[in-house]
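Engineer: Here is my input; please provide its structure:
(3 chains)
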Amino acid sequence: MKYLLLFLLFMAVPAFAAEFSTDCLNCHQQDAANRQLQQSAHAGLLSCADCHGEDHKSENVARRYVSAEVCGGCHEKQLEEHRNSRHGLGLHAGWGCTRSMPDRNKGECRFCHQKGDTLPISTVQCARFIKQSSEMGQIGCNRCHMIENSCGSCHGNHMTSAKIVQDPMVCAKCHMGPDHPQWEAWKTSQHGTMFNSLGAPSAPDCQSCHMPTGSHNISAGLTAPPSGQPYAAVKAAAQRQKMLDICQQCHARGFAARDLKNADAVRLQTLALVDEARRIIRDLDDRGLLDPPPQTRLAHPQRGQKLVLDGTMLYEDISHIESLFFRLSKYAAAKTFKGAFHQNPDYTHWYGNAEVKLLLNDIRGEASRLRERGSQKRTETAPSEAGLDEKALEVLQKRHERGELSDADYAEKKRQVLEQILQ
Amino acid sequence: MKYLLLFLLFMAVPAFAAEFSTDCLNCHQQDAANRQLQQSAHAGLLSCADCHGEDHKSENVARRYVSAEVCGGCHEKQLEEHRNSRHGLGLHAGWGCTRSMPDRNKGECRFCHQKGDTLPISTVQCARFIKQSSEMGQIGCNRCHMIENSCGSCHGNHMTSAKIVQDPMVCAKCHMGPDHPQWEAWKTSQHGTMFNSLGAPSAPDCQSCHMPTGSHNISAGLTAPPSGQPYAAVKAAAQRQKMLDICQQCHARGFAARDLKNADAVRLQTLALVDEARRIIRDLDDRGLLDPPPQTRLAHPQRGQKLVLDGTMLYEDISHIESLFFRLSKYAAAKTFKGAFHQNPDYTHWYGNAEVKLLLNDIRGEASRLRERGSQKRTETAPSEAGLDEKALEVLQKRHERGELSDADYAEKKRQVLEQILQ
Amino acid sequence: MKYLLLFLLFMAVPAFAAEFSTDCLNCHQQDAANRQLQQSAHAGLLSCADCHGEDHKSENVARRYVSAEVCGGCHEKQLEEHRNSRHGLGLHAGWGCTRSMPDRNKGECRFCHQKGDTLPISTVQCARFIKQSSEMGQIGCNRCHMIENSCGSCHGNHMTSAKIVQDPMVCAKCHMGPDHPQWEAWKTSQHGTMFNSLGAPSAPDCQSCHMPTGSHNISAGLTAPPSGQPYAAVKAAAQRQKMLDICQQCHARGFAARDLKNADAVRLQTLALVDEARRIIRDLDDRGLLDPPPQTRLAHPQRGQKLVLDGTMLYEDISHIESLFFRLSKYAAAKTFKGAFHQNPDYTHWYGNAEVKLLLNDIRGEASRLRERGSQKRTETAPSEAGLDEKALEVLQKRHERGELSDADYAEKKRQVLEQILQ
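Structural biologist: As a prediction, this is how the structure comes out:
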């Protein structure tokens, strides 16, 4: 019964303590689940047992929770497409969030770790949280991050009406909010406003571009993967052509190509601004000026007590300037380029670019304060001239180790510092 | 004529200087209000005078403004249900907002105070503002906070179409925004997205869960009261069962019960984070480190020149760290648990929990700055060792007075401080 | 071919390298553009060449991009109304945003400057950005700021369906977001929620009030111009009467007049709060306390290296306290009064007024920190008593120059400072 939690989360079927009778409906005739099934496209085609099995005591979580594999028994092509898309990635990482809670559910370890292994399974992106509760994991994280193994995420569990999944709002539930507002960006773009007036197929919705011909591989045509590591040029170019095949249904191919190329440029320009902010904070950390410093904080599950400013950054127990950076990189930068790829001026500029630049102002201001505070402290503890230069040498060494300074640049800059001492 | 203001606010009827003629329509035939009435369900059933009375000079504000009592003359059951719900609470507190304005409207005192009484009427929650204008009170506050006595808030004044009040968007006007985005949370939850695709009754809207069988007691089934003071366990349990009766129409009762129990847990976990932030700021105040300190600011209408961080907190003329706390407790924390009770992962997590934790980072950073600033000032004014310890004793005393330290803990901690002096 | 960029931006027609054949359809029969045209109201009435001309090599950008003038050939009245409205203003200022980029497109200068002139053309509001890329200009800025010369902004290019422009969502694409959320404010106001339930004409949408009788002068009835400089009283009064003519279709004129007058008051009260924040920051600048000071930053394209806090304020490379002011004045203050004019309590109060006041707290806190930092620095450099007073005299002089102090007040305050020296 150890996987019961998962089962209970999303199922509209009561927990049962006895074995199934051969006819489930003897007890479950009046259940909402049965009523929904009888009104669905599956009515007359499927019995309860076809999906859930017949054994109340079974440990077979796939049938209790009705995993994607069960649906794939009939919908084979759709399951394969789904698994090949980024919807099929191991997004369940959120389960790992309970890591450092004293009352965490031990059974949840398996979502990130193989038995006896302290490193996460390679297909798991990262445990994003260090102090997340099991309940938040269920409501706040895995209501979305269950999709790799749950067709019901989009289709619903027993209703499975085509109307639900043909409505672009079905995507809104997860693809919204501060971190990736694709739904809001589409809805208020010219595409979305025309969809509101004319409907499909005159104007495109989520499905038109990301599920053309009904394919469940929603990643076809995407050139920027979620990991942040760009696709190889050949793959990216092929993906782009797939998307342009769709754009061409309404636009001249050349026009659409230039529009998406502009969005590519906006993405790179935005990442450069993120990098500028990141360098400011790394430099503060090199000098020991973060407040509090990473060395005194809860350990990052993958990196330990170190500054983490990449895609696996956490938002808990970090310093104020890192908090600003989280908003800049995870929220504002994401809005900028997701807005651009969805042709939305307001998300690209006001929610995106303007916010990136305002936050960069704030980060620079806070960095100035922290540097001044650092220099005051040095004055108070009256360091020698040599002491100051030792600090400078240490910072250069750290930058060299990170690969920010080439061997030649490192040698040259070290020489400059040493010359200052000699003067 | 002193209540004319109220009347004019929401009525589509011109001010009149003479007594009504027996037949209002002699003058008001062409009024928009009359046209709307004639197209409403009340057409042929009600004359102008039935609701507004017959006297142009009347001081009877209930009839000029057409208060809920007037409608209750026919719709008795609905009025009673409404009055018993939190919609019936004295939410008109916003009127008190003009308290310290030199040009405030004296007639507005009566909304919070009985004649001659400086304390607010007990049914009034609190005057939230200290420097709010009469105009902001009308447009910004009481466009919503008039509901206890205005059926027109939801139904409209003369149209009173059933279509208006059967549409969940009728609730959006007030139940939206940074402080309680119930409408947005529902709309982008699986409930809301399915409602978009399938409509009622296949998917639930505001009315399905909060006005089942058309009841006007919209508080049935709610376990967390607006005051922040939890219901007694027996009442809360009874309320929960009422809600589960509704959930059960579509879900297994056990599933729904566990889902709402998870939301209960998320609420308590969130309140604990709010409390952590509150303690940091109280401690700063105990040490006199807030900038500016409450003792130099405009007085809170109920508490005077003291730090207020509970439900009656104001957002005007407070220090930066309190400003951060206001956003944390009033906006982000509220989104977290309102999001959870509405089954919305994005409001629960990204707009809610993540924001609570980011703001907590910001509060800790600002507290660190203020403490450092405080210790610099102490160094400048060169206090004796004893002086520092006196401060520590003072802080302990304040915490004891607030009930944060038990008698025993207070004695023990005091002993420790005194021992340090003796060393 | 130098204006090709503009053309390519919004046209669903491929770039062509040869002259048009007399019959465009020999090549373009299967183009999406042609299909859309054939399904539009223009089908059978217009050929490709009627709008685009017949010459592939032509420099006639008006026909390649199909500027408003081309449409105006038939739709003369609509073009004139459009040009007389604020939609007809030179909003293309965004093109100037590439000013300081090393790889800017030189051809873009003409959008702000006449040949050989370094000052912007008077009808151009301002180049808002100093470091904006051409791509951001295209996607983020001019997707909206093209409206003065593009009927396609609203009508679409080849579809031109009446359904598109009769839907209030057509306005959403541009009139949304942090800086002017008119669409969101309307949509969640009582007007918008009733529109959702009842549709037009029972409830008003954007077009009902801003394009009555189908006029393309969307500025009729507006009393607050975009420049921030109020209309003369006579013009403002006439504009108001135009709006009340529309309100009167559903409301008593007196009721509507008072409601809009309240919004006028809210606007002035809000501008007073903006002014309070502006004075705090100007005073810091007078004392040289901004970090970094304007004198060390990239020059504002119109004002040079000076503090700019009016409508032409930029958001790039400014100090943290100015960043806070940008959010206060451009976002929160705008929401307050745009919310009020659209009768939306949540935008007026929570997104507007409350945010203005929270940001004012933050600005005061940051100003306190900067002043304290300034006084520490002065202490470190050990200035004479006279030195401090000289600073005070300098600040008075700057305020006098800006017109904040009258001649008499300046003389009086100067006398007070000098007396302090003599004591």
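Engineer: Can you verify A:His158 is assigned to a strand?
Structural biologist: No: when classified by DSSP: H, G, I helix; E, B strand; the rest coil, A:His158 is found to be coil rather than part of a strand.
Engineer: Return the residues in contact with it.
Structural biologist: Contact partners of A:His158, counting by CB atoms under 8 Å, 6 or more residues apart in numbering or on different chains, are A:Ala12, A:Ala32, A:Ala33, A:Asn34, A:Gln36, A:Leu37, A:Ser40. Backbone N, C-alpha and C define where each C-beta goes, glycine included.
Engineer: among these, which are in helices?
Structural biologist: A:Ala32, A:Ala33, A:Asn34, A:Gln36, A:Leu37 (DSSP state H).
Engineer: Next one, pLDDT for the third one please.
Structural biologist: Think A:Asn34. At A:Asn34, the model reports a pLDDT of 93.
Engineer: For it, which non-adjacent residue is spatially closest?
Structural biologist: In space, A:Asn34 comes closest to A:His28 once its chain neighbours are excluded; the distance is 5.5 Å by CB to CB, 6 or more residues apart in numbering or on different chains.
Engineer: quick one: which of the ones in helices among the contacts of A:His158 is nearest chain C?
Structural biologist: Minimum separation from chain C among the ones in helices among the contacts of A:His158 (CB to the nearest CB) is found for A:Gln36, which lies at 27.5 Å.
Engineer: wouldn't the closest one be in contact with A:Met159 here?
Structural biologist: Yes: the criterion here is CB atoms under 8 Å, and A:Gln36 meets it with A:Met159 at 4.8 Å.
Engineer: Give me the more crowded residue out of the two.
Structural biologist: Neighbours were counted for A:Gln36 and for A:Met159 using other CB atoms under 10 Å in any protein chain shown; A:Met159 has more, 24 against 21.
Engineer: and A:Pro178, what element?
Structural biologist: When elements are defined using DSSP states H and E, A:Pro178 is found to belong to no helix and no strand.
Engineer: swap that for A:Ala49, please
Structural biologist: Applying DSSP H and E as the criterion places A:Ala49 in helix A:48-52.
Engineer: Give me the contact status of the helix or strand harbouring A:Ala334 with chain C.
Structural biologist: Assignment of secondary structure by DSSP H and E places A:Ala334 within helix A:334-341. Yes: Helix A:334-341 comes into contact with chain C when judged by CB under 8 Å from any CB of the partner chain, the residues involved being A:Gly339, A:Ala340.
Engineer: ok, now stretch A:242-260?
Structural biologist: Yes: residues of stretch A:242-260 are located near chain C by CB under 8 Å from any CB, namely A:Gln248, A:Gln249, A:Cys250, A:His251, A:Ala252, A:Arg253, A:Gly254, A:Phe255, A:Arg258, A:Asp259.
Engineer: gap between that stretch and the chain center?
Structural biologist: Using CA atoms, centre = their mean, to the nearest Å, the mean C-alpha position of stretch A:242-260 is found 27 Å from that of the whole chain.
Engineer: how about it: buried residues?
Structural biologist: For stretch A:242-260, the buried set under the neighbour-count rule, 16 or more other CB atoms under 10 Å in any protein chain shown, comprises A:243-244, A:246-248, A:250-252, A:254-260.
Engineer: Neighbours of the nearest residue to A:Gly177 once chain neighbours are set aside, how many?
Structural biologist: Of all residues beyond its chain neighbours, the one nearest A:Gly177 is B:Asp346 (3.8 Å), with distances taken as CB to CB, 6+ apart. The number of residues packed near B:Asp346 is 28, by other CB under 10 Å.
Engineer: Buried ones in the helix holding A:Ala49, by neighbour count?
Structural biologist: Within helix A:48-52, the residues that count as buried by 16+ other CB under 10 Å are A:Cys48, A:Cys51, A:His52.
Engineer: what sits up against that helix?
Structural biologist: For helix A:48-52, the external contacting residues (CB under 8 Å, 6+ apart) are A:Val13, A:Phe20, A:Cys24, A:Leu25, A:His28, A:Asn34, A:Leu37, A:Arg63, A:Arg64, A:Val66, A:Val70, A:Cys71.
Engineer: Looks like A:Arg253 contacts A:Leu244 (just checking).
Structural biologist: Yes: contact status for A:Arg253 versus A:Leu244: in contact at 5.5 Å, counting by CB under 8 Å.
Engineer: Just the closest residue of the stretch 1-150 of chain A to chain B, please.
Structural biologist: When you check the stretch 1-150 of chain A against chain B by CB to the nearest CB, the closest residue turns out to be A:Gly140, at 3.2 Å.
Engineer: still on that earlier bit, check whether the helix holding A:Ala334 comes near chain B.
Structural biologist: No: for helix A:334-341, no contact with chain B is found by CB under 8 Å from any CB; the gap never falls below 11.3 Å.
Engineer: okay, and for the stretch 1-150 of chain A, where does confidence drop off?
Structural biologist: The stretch 1-150 of chain A contains residues with pLDDT under 70 at A:1-22, A:58-62, A:90-114, A:116-130.
Engineer: Who are the contact partners of A:Leu393?
Structural biologist: Neighbouring residues of A:Leu393 by CB under 8 Å, 6+ apart: A:Lys414, A:Val417, A:Leu418.
Engineer: What separation is there between it and A:Glu412?
Structural biologist: The span separating A:Leu393 from A:Glu412 equals 13 Å under the rule CB to CB, to the nearest Å.
Engineer: How about A:Lys242?
Structural biologist: Note on A:Lys242: its distance to A:Glu412, by CB to CB, is 47 Å.
Engineer: contacting residues around the nearest residue to A:Cys71 once chain neighbours are set aside?
Structural biologist: Of all residues beyond its chain neighbours, the one nearest A:Cys71 is A:Cys151 (4.5 Å), with distances taken as CB to CB, 6+ apart. Applying CB under 8 Å, 6+ apart, we find A:Cys151 in contact with A:Val66, A:Ala68, A:Cys71, A:His75, A:His82.
Engineer: Next, give me the two most distant ones among these.
Structural biologist: Pairwise distances across these (CB to CB) peak at 14.6 Å, for the pair A:Val66 and A:His82.
Engineer: Report the distance from the helix or strand following the helix holding A:Ala334 to the chain centre.
Structural biologist: Counting by DSSP H and E, the element after helix A:334-341 in chain order, helix or strand, is helix A:345. Centroid separation between helix A:345 and its chain, computed with CA atoms, centre = their mean, is 23 Å.
Engineer: what residues does helix A:345 touch?
Structural biologist: Outside helix A:345, the residues that touch it by CB under 8 Å, 6+ apart are A:Gly339, C:Ile139, C:Gly140, C:Cys141, C:Arg143, C:Cys144, C:Lys173, C:Cys174.
Engineer: what's the neighbour count on the fourth one?
Structural biologist: Right, the one you point to is C:Cys141. Other residues near C:Cys141 number 24, with proximity taken as other CB under 10 Å.
Engineer: So it sits against A:Asp346, correct?
Structural biologist: No: with contact defined as CB under 8 Å, C:Cys141 does not reach A:Asp346; the gap is 10.8 Å.
Engineer: Which positions within the helix or strand where A:Ile281 lies qualify as buried?
Structural biologist: For A:Ile281, the enclosing helix or strand under DSSP H and E is helix A:253-286. Residues of helix A:253-286 classed as buried under the neighbour-count rule (16+ other CB under 10 Å) are A:254-260, A:262-267, A:269-271, A:273-274, A:277-278, A:280-286.
Engineer: still on that earlier bit, would you tell me which one of the buried residues of helix A:48-52 comes nearest to chain C?
Structural biologist: Checking the buried residues of helix A:48-52 against chain C by CB to the nearest CB gives A:Cys51 as the nearest, at 37.8 Å.
Engineer: And the ones in helices among the contacts of A:His158, which is closest to B:Met194?
Structural biologist: Using CB to CB, the ones in helices among the contacts of A:His158 come closest to B:Met194 at A:Gln36, 11.2 Å.
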